[in-house]
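**Q** fold the following, please.
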Amino acid sequence: MAKNRIKTHNTEAFREEYIKPEIAQKQMLKADFGKFFLVKVEDLIRLIKLPVPPSRATTHSFIYLTEGEANMTIGSQSYKIFKDECLIVPAGQVYSFAKHDINKGFLCNFHNDFIIGKFGKNELLKEFEFLNVWGNPTIKLDEQTSGFVRMLFERIFRDYSQNGLNNIEIIQSYFIALLCEINRVYQPLSNSHQTSAISLINKFKELLFIHIKTKHLVSDYAELLNISPNHLNKIAKTITGKSPTKWIDEAIVLEAKVLLYQTTLSISEVAAEIGIFDQSYFSRLFKKYEGVSPLTFRKMIEKS
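**A** Okay, here's the model as predicted:
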């Protein structure tokens, strides 16, 4: 219905909204920004305006630090990384950040198609769990791996800043090698004693990511997982410390925050877009988690 007013926050929109034209010209040259974009973290202070409210991109984002720290909210959780650490925001995941951190390193946006490209296969994507919404977004690198990752980023950046993606096969090859390096030290959120339970919760998170606009009941997800609502409730609390109801509510509010920022939809239209047709209930739910009404939240964004 009102979907034609939704401004998809993809990499092209990111460029238009955040990156100053004169700097973008120097940074990207002839690059295909929709597939791949790379910038030094220390240059972000000149490239973006803050704060960045809850947003969603159609590409993966990857931050690697060589100095300092970085803070970001991914989904409903806040993360902080330091030197020799990486932070991954999977494509489609909601993220936000409020301030410029003092740091150095690299920030990369890339599409799945860029990884597959000329040499890769779809199966390659399955190797990188951190590109899934249920993966562990923080990766700590040992000294040796961090050295390899830094060299690969510097090699890619040198070619990219000079030639854009004119040498796309070279950049793609180095970038796949880089992902393989961090995958070697990646630690999943699961452990050997809770493999089946973690797998179920990961599937629940994935289903939540897909169906949040149409399914709001614990029983909906329990049915999709072929388990009872009680079983889902027990496992979710054990593994995550949160009930499935809270996971669902937080996902609804996150979706609403993205729409309030990235679209011109009215409050009632935002509520309808996420499957809630009682505006007063939507406002109460939003205020319960954010402390302000949807309208106040939008006004706060507009003033920032």
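
**Q** residue ranges with poor pLDDT in the stretch 51-200 of the chain?
**A** 118-120, 190-194 (pLDDT under 70).

**Q** tell me where it has strands.
**A** Ranges of strands in the stretch 51-200 of the chain, per DSSP state E, counting those that start in this stretch, are 52-56, 60-74, 77-82, 85-89, 94-97, 103-110, 138-140.

**Q** out of these, which comes closest to Phe286?
**A** Proximity to Phe286 (CB to CB) singles out strand 52-56 among the strands of the stretch 51-200 of the chain, at 12.1 Å. For every residue, glycine as well, the C-beta is placed using N, CA and C.

**Q** partners of that closest one in the sheet?
**A** strand 94-97 (antiparallel) (DSSP bridges).

**Q** got a list of what Phe106 touches?
**A** Shown in contact with Phe106 (CB atoms under 8 Å, 6 or more residues apart in numbering): Leu38, Val39, Lys40, Val41, Ile63, Tyr64, Phe153, Phe157.

**Q** what two of those residues are the furthest from one another?
**A** Maximum pairwise distance among those (CB to CB): 14.0 Å, between Ile63 and Phe157.

**Q** those two: who's more crowded?
**A** Higher neighbour count among Ile63 and Phe157: Ile63, with 21 against 16, using other CB atoms under 10 Å.

**Q** isn't the more buried one right up against Lys40?
**A** No - in this structure, Ile63 is not within contact of Lys40 by CB atoms under 8 Å, at 11.1 Å.

**Q** overlap in contacts of those two?
**A** Taking CB under 8 Å, 6+ apart as the criterion, Ile63 and Lys40 both touch Gly105, Phe106, Leu107.

**Q** you'd agree Ile239 is up against Ile198?
**A** Yes - using CB under 8 Å, Ile239 is in contact with Ile198, at 6.2 Å.

**Q** got a list of what the residue nearest to Ile63 when sequence neighbours are not counted touches?
**A** Of all residues not flanking Ile63 in the chain, Leu87 sits nearest, at 4.5 Å (CB to CB, 6 or more residues apart in numbering). By CB under 8 Å, 6+ apart, the contact list for Leu87 reads Phe62, Ile63, Ala70, Met72, Ile74, Tyr79, Ile81, Pro137, Thr138, Ile139.

**Q** and Leu87, how far from Ile74?
**A** Shown here: Leu87 relative to Ile74, a distance of 8 Å by CB to CB, to the nearest Å.

**Q** got any residues that touch both of those two?
**A** In contact with both Leu87 and Ile74: Pro137, using CB under 8 Å, 6+ apart.

**Q** what residues go with each domain of this protein?
**A** By the assignment in automatic domain parsing, the chain contains the domains 2-185, 194-303.

**Q** Lys242 belongs to a strand?
**A** No - looking at Lys242 with DSSP: H, G, I helix; E, B strand; the rest coil, it is coil, so not inside a strand.
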